[in-house]
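Asks: when you get a sec, could you give me coordinates for this:
(chains A, B, C and D)
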4 protein chains.
Amino acid sequence: MAIVEVTIVPLGTKSTSLSKYVADCHKVLQSEKKIKYQLTPMGTIIEGDLDVILQAIRKMHEVPFKKGAFRVSTTIRIDDRRDKVSTMKDKVDSVINKF
Amino acid sequence: MAIVEVTIVPLGTKSTSLSKYVADCHKVLQSEKKIKYQLTPMGTIIEGDLDVILQAIRKMHEVPFKKGAFRVSTTIRIDDRRDKVSTMKDKVDSVINKF
Amino acid sequence: MAIVEVTIVPLGTKSTSLSKYVADCHKVLQSEKKIKYQLTPMGTIIEGDLDVILQAIRKMHEVPFKKGAFRVSTTIRIDDRRDKVSTMKDKVDSVINKF
Amino acid sequence: MAIVEVTIVPLGTKSTSLSKYVADCHKVLQSEKKIKYQLTPMGTIIEGDLDVILQAIRKMHEVPFKKGAFRVSTTIRIDDRRDKVSTMKDKVDSVINKF
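Replies: Have a look, this model is predicted:
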């Protein structure tokens, strides 16, 4: 199981507001049953099987093009740990417990 | 006002567990009065004056070295919008309102 | 055609030196016939069909695990432009021509 | 000495072409005497004293605003190694020597 952060940004859109693109990208996630995710002020963090997540991100990356964008910048950060199971909640709790 | 995500990772530590480094980096933030921040499973998101934030991150970047690390990888993503004030909460609400 | 930057970093390795992991990740790219790539001091930049690139990166991400790492941090940045064909060389030339 | 990659992208510009912004950001670097840098297809990699580099990046981040942008996304990746001196060239050579 991996934790992955993704940020998808269309470039060359006339407006500085991008929330409508983000909302539509999230519709892809809402139809995925096997992954958990949370929206943050800087992107979306997804937890689940790495291949399932990457396939979902591949679909999300197409969304701004379908909405008219001609250039999309997508940033993906994968944290893949295999010595123990670590959920999104585990990672945050592990830090908080050390405060 | 800017919103900035930072992830600070020591490399070449013997353990795969990095939460103690993250917790100590957060102590820097706890002493900053002028910025807001939130911990996520993939980093820390900070809201406030860009120069104040960057100075705080500069201090955070030193923390793993003080704890014995010899190599630190720090990733910073700045979202700086000047046509309107947009807080961390505003950004998330703006997406949710379009679901 | 897309241009994609990837950086693959094992965490919790005893040594701060990571070049042997990078070299082995590159062996995956050397066997790919349909993509171009260049090594930089901060990662690898790949040019080609986006799905072919992402499949290659997926294989590269496994390399540090095969070499004994238990946690791998992989960062992928996709620049996907569909209004015109833009190679790695075109992008750099386009900037240089404006100096 | 650190090696830092920076990518500065204005959002909400009408055109998908961003090279004129990159070229103007580079003018900041051309006036810096104490750092080395190289342009890549995905950003700029800079080598030198970390504080000098961060000050230069802070200036570069303002460039798109001066050219009329209202929102700028800047990504900074710092690789700071203190157990040995490692230049941009050293890092690439170290990988190539293991092929």
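
Asks: ok, which stretches of chain A are strands?
Replies: Ranges of strands within chain A are A:2-11, A:36-40, A:43-48, A:71-81, based on DSSP state E.

Asks: as CSV, the ones you listed with mean neighbour count would be great.
Replies: Quick note: C-beta positions are derived from backbone N, CA and C, even for glycine. Formatted as CSV, those follow (neighbours: other Cβ atoms under 10 Å in any protein chain shown):
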stretch, mean neighbour count
strand A:2-11, 23
strand A:36-40, 16
strand A:43-48, 23
strand A:71-81, 23
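
Asks: out of those, which gets nearest to chain C?
Replies: Closest approach to chain C among those is made by strand A:71-81 (4.2 Å; Cβ to the nearest Cβ).

Asks: and the closest one, does that touch chain D?
Replies: Yes - contact between strand A:71-81 and chain D, assessed by Cβ under 8 Å from any Cβ of the partner chain, occurs at A:71, A:73, A:75.

Asks: any chance of the strands of chain A in a markdown table, plus mean pLDDT?
Replies: As requested, those are exported to a markdown table (pLDDT from 0 to 100):
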| stretch | mean pLDDT |
| --- | --- |
| strand A:2-11 | 98 |
| strand A:36-40 | 98 |
| strand A:43-48 | 98 |
| strand A:71-81 | 98 |
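
Asks: contact partners for A:Phe70?
Replies: By Cβ atoms under 8 Å, 6 or more residues apart in numbering or on different chains, A:Phe70 lies in contact with A:12, C:81-83, D:16.

Asks: dump the helix of greatest length in chain A to CSV, restricted to CA.
Replies: The residue-count maximum for a helix in chain A (DSSP state H) belongs to helix A:50-66. Extracted C-alpha coordinates of helix A:50-66, given in CSV (Å, rounded to 0.1, in the frame of the first residue of the first chain):
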residue,chain,number,x,y,z
LEU,A,50,0.0,1.8,-6.0
ASP,A,51,-1.2,0.6,-9.4
VAL,A,52,-4.8,1.4,-8.7
ILE,A,53,-3.8,4.9,-7.6
LEU,A,54,-1.6,5.5,-10.7
GLN,A,55,-4.4,4.4,-13.0
ALA,A,56,-6.8,6.9,-11.2
ILE,A,57,-4.2,9.7,-11.5
ARG,A,58,-3.8,8.9,-15.2
LYS,A,59,-7.6,9.5,-15.7
MET,A,60,-7.5,12.6,-13.6
HIS,A,61,-4.7,14.0,-15.7
GLU,A,62,-7.0,13.9,-18.8
VAL,A,63,-9.8,15.9,-17.1
PRO,A,64,-8.4,19.5,-17.7
PHE,A,65,-7.8,18.6,-21.4
LYS,A,66,-11.5,17.5,-21.7
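
Asks: taking strand C:71-81 as reference, get the angle to that helix.
Replies: 20 degrees (axes from the mean of the first three to the mean of the last three Cα atoms, to 10 degrees).

Asks: restrict the residues of strand A:71-81 next to chain D to those near chain C?
Replies: Answer for the residues of strand A:71-81 next to chain D near chain C (Cβ under 8 Å from any Cβ): A:71, A:73, A:75.

Asks: would you mind naming what in chain A lies close to chain D?
Replies: Residues of chain A lying near chain D (Cβ under 8 Å from any Cβ): A:9, A:11-18, A:70-71, A:73, A:75.

Asks: what is the nearest of the residues of strand A:71-81 next to chain D to chain B?
Replies: Of those, the one sitting nearest to chain B (Cβ to the nearest Cβ) turns out to be A:Thr75, at 7.7 Å.

Asks: residue numbers of chain A in contact with chain B?
Replies: So far as Cβ under 8 Å from any Cβ goes, chain A lies against chain B at A:3, A:5, A:7, A:16-17, A:19-20, A:22-23, A:26, A:38-43, A:45, A:47, A:75, A:77, A:79, A:81, A:83, A:88-89, A:91-92, A:94-99.
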